[in-house]
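> Need coordinates for the below:
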Amino acid sequence: MTPKNKIILIVSVLIVASVLGVYLWRTSPIFRKTVTFFEKPVVVTETIKVPETKFITGGEGWYANSDAYKVPLAPEREGEKVVVAGAVLSPRGAYLIALPIAQAWSADAKLVLIKSLSAVTLEGKSQGWQIVLGSRTKKKGYEVVVEGETIVSKKEVPSSSYGADVPKNFADRDAVWAIAQLATNPQFKEATMTGLNFTYNLDAKAWDYIIANSFGGTEVRVR
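Next up is the predicted model:
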């Protein structure tokens, strides 16, 4: 073998060894731990759009949201976790802000639906919420839009739905529970979430969380 061929052979061996070494390193548990150590959660900032609501039927709470940032339901690494800027309220928190405003409008105001207007964290919190309540005496609805903890819109809207009493344990119930029903289901291991709604099922006479996810909209009954 000529000196030139020896050099070529040595260089080829070194290249193969380097490639193999990089592969073994990147697939090793140590590499994954090292990468995870330096990873940080994704921070999402979204602009809240006030809905152009013309009429409320109550069925709007069943519509899945597909525009918000896709939050992994079962993140396996730090870099897959999501922090939503300004997400401080859960559906319950949004309801508690909107309720006195709506009751000042009409004493018999009852909840029709709550919808997220931006990405939702695994803790069930979002930067923006649309809360709609209805009045049987006025035969109308009242919409409150909250961004962070601030009311950015409130108005009377035509409605054919006048709401229902919220569950007695709603004040003690966290949307984390509803999201966890999906997150712990192997079927949703790779799924992402884009929205969380809380709405009344007229047929079942019960409240449901509707979780918008990459498979569609999944209903979780409040019991």
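
> Quick one: the helices in the protein, in order.
Using DSSP state H, the helices of the chain run over 3-26, 29-38, 91-105, 175-183.

> Report the rounded mean pLDDT for the second one.
Read that as helix 29-38. For helix 29-38, the mean pLDDT works out to 52.

> Outline the domain layout of this structure.
Per automatic domain parsing, the structural domains of the chain span 3-38, 42-221.

> so where's this structure uncertain?
1, 3-11, 13-14, 16-38 (pLDDT under 70).

> what residues are up against residue 105?
The neighbourhood of residue 105, defined by C-beta atoms under 8 Å, 6 or more residues apart in numbering, consists of 135, 142, 156. Quick note: C-beta positions are derived from backbone N, CA and C, even for glycine.

> hmm, 7 Å instead?
142, 156 (C-beta atoms under 7 Å, 6 or more residues apart in numbering).

> For stretch 206-223, buried residues please.
Within stretch 206-223, the residues that qualify as buried are 207, 208, 209, 210, 211, 212, 213, 217, 218, 220, 222, counting by 16 or more other C-beta atoms under 10 Å.

> measure the fifth one to residue 157 for me?
Residue 211 sits 25 Å away from residue 157 when distances are taken as C-beta to C-beta, to the nearest Å.

> next one: the first one
Using C-beta to C-beta, one gets 21 Å for the distance from residue 207 to residue 157.

> can you check the third one too?
Using C-beta to C-beta, we find residue 209 at a distance of 23 Å from residue 157.

> likewise the last one?
The gap separating residue 222 from residue 157 is 25 Å, by C-beta to C-beta.

> Point to the residue nearest the middle of the protein.
Centroid-nearest residue in the chain, with C-alpha atoms, centre = their mean: residue 120, separated by 2.5 Å.

> Assess the claim that that one and residue 195 are in contact.
Yes. Using C-beta atoms under 7 Å, residue 120 is in contact with residue 195, at 6.2 Å.
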